[in-house]
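Engineer: Predicted model follows, preceded by the sequence.
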Amino acid sequence: MKKPPSWLSSVIQTKCARCRTGPMFAPVQKLSDWFTMHDYCPNCNVHLYIEPGFYWGAMYVSYAISSALVFILFFLAYFGFGWSLTGSFAFLTIVVVFLSPYIYRLSRSFWFAAFKKYDPSILKKE
Ligand SMILES: [Zn+2]
């Protein structure tokens, strides 16, 4: 029997937490697609919006991820590479702006996975 994907890999790949194979988000063809989330998992058909306002909590996850990223990158750029303060902040701004769509997806994926349990019986139905 094929080993199911781990919790962490399904979160990083923004897969549904219940089946760990269905994508939570639409494929990216244009910039606005980064923020388009499926209502139901295309694989197991679980409702991805558990309740109204469910993803408000993902905002805190997004904040934590962004803060950790900025903290680490700042220390790396400023102390590690010896860049100037202005150069380090410019670097951080560019990195965070370009990663923000993925951080948005990652935080929602993490939030959903924190509340929805993996169901291995879903895989057997395929
Ligand atoms: Zn699913």
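Structural biologist: Here it is on my side, so go on.
Engineer: Longest helix in the protein, please.
Structural biologist: Longest among the helix segments of the chain by residue count, using DSSP state H, is helix 85-115.
Engineer: Any figure for the gap between Ala90 and Ala77?
Structural biologist: Look at Ala90 and Ala77: by Cβ to Cβ, to the nearest Å, they are 10 Å apart. Placement of C-beta: from N, CA and C, glycine included.
Engineer: which one of those two has more residues nearby?
Structural biologist: Ala77 (20 against 13; other Cβ atoms under 10 Å).
Engineer: Contact partners for the residue lying closest to that one once chain neighbours are set aside?
Structural biologist: Once flanking residues are discounted, Ala77 sits nearest to Ser88: 4.1 Å by Cβ to Cβ, 6 or more residues apart in numbering. By Cβ atoms under 8 Å, 6 or more residues apart in numbering, the contact set of Ser88 is Phe74, Ala77, Tyr78.
Engineer: So which of the residues you listed sit within helices?
Structural biologist: Filtering those for helices - DSSP H - leaves Phe74.
Engineer: For the ion, state which of the contacts of Ser88 is nearest.
Structural biologist: For the contacts of Ser88, the minimum distance to the ion (Cβ to the ion) is 37.0 Å, reached by Phe74.
Engineer: Can you give me the neighbour number for that closest one?
Structural biologist: 17.
Engineer: ok, now how distant is it from Thr93?
Structural biologist: 11 Å.
Engineer: Next: Val61.
Structural biologist: 21 Å.
Engineer: Which one's more surrounded, these two?
Structural biologist: Val61 (18 against 11).
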